[in-house]
Structure formats: structure tokens, C-alpha cells
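Participant: Provided below are the primary sequence and the corresponding predicted coordinates.
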Amino acid sequence: RAARLMRYREKRKNRRFEKTIRYASRKAYAETRPRVKGRFAKRADDHDAAAPPPQIMLDFAGYGVVPTF
């Protein structure tokens, strides 16, 4: 029991509750998807031509290589 308690306490020290990005490719895809009031929306072909290109943040330092779409 003591060993299990010690393992639990060690794991508890490493908990992280802040937002972490695990997959840079998913982040890049989510940033390029169209949104309406912050929610993802379906792409409409007639609206894409009039809409300005999405602004992509290229802040991927430390996340690895991101595939381009």
C-alpha cells in the first residue's frame, strides 16, 4: 500500500491542467477551418471565393513538422 501511495503522490506532482497541444497537424487543420461565432461551420463553395484567406498562426516551435494543406 505504501508503494502505491508513493506512486500516486509522484504522479499527482506532474499533473498539468493548462491547455496542451498534442498534435500540431490537428491544430493547423482546426485553424484553417471556417468558423461561425467560434464554432466550426461547413464550407460553402460560393462563400469561399468572397471570404478572405484565413490567418494562420505559424507558432509551431517545439511541436514538430506540420503537414500543409
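Facilitator: Here it is on my side, so go on.
Participant: the strands in the protein, which residues?
Facilitator: Using DSSP state E, the strands of the chain run over 35-36, 39-40.
Participant: Leu5: which of the ones you listed is closest?
Facilitator: strand 39-40 (43.6 Å; CB to CB). (Each C-beta comes from the backbone N, C-alpha and C, glycine too.)
Participant: number of residues surrounding Pro13?
Facilitator: Check again: residue 13 is Lys, not Pro. Residues lying near Lys13 (other CB atoms under 10 Å) number 6.
Participant: any idea how far Arg39 is from it?
Facilitator: Distance, Lys13 to Arg39, using CB to CB, to the nearest Å: 36 Å.
Participant: try Arg16
Facilitator: Taking CB to CB, one finds Arg16 at 26 Å from Arg39.
Participant: same question, Ala3
Facilitator: Distance from Ala3 to Arg39, by CB to CB: 47 Å.
Participant: how about the contacts made by Arg35?
Facilitator: Shown in contact with Arg35 (CB atoms under 8 Å, 6 or more residues apart in numbering): Ala41.
Participant: Arg16 too?
Facilitator: Shown in contact with Arg16 (CB under 8 Å, 6+ apart): no residues.
Participant: over to Lys42?
Facilitator: Pro34.
Participant: ok, Phe40 next?
Facilitator: By CB under 8 Å, 6+ apart, the residues touching Phe40 are 30, 33-34.
Participant: if it is in a bridge, with which residues?
Facilitator: Taking DSSP bridges as the rule, Phe40 bridges to Arg35.
Participant: stretch 20-33 - what's its average pLDDT?
Facilitator: Stretch 20-33 shows a mean pLDDT of 91.
Participant: now it: buried residues?
Facilitator: For stretch 20-33, the neighbour count (16 or more other CB atoms under 10 Å) marks 27-28 as buried.
Participant: which among the strands of the chain is found nearest to Tyr8?
Facilitator: With respect to Tyr8, and counting by CB to CB, the nearest of the strands of the chain is strand 39-40 at 38.0 Å.
Participant: switch the contacts of Phe40 over to CSV; also include distance to Ala44.
Facilitator: As requested, the contacts of Phe40 are exported to CSV (distance: CB to CB, whole Å):
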residue, distance to Ala44
Ala30, 19
Arg33, 13
Pro34, 8
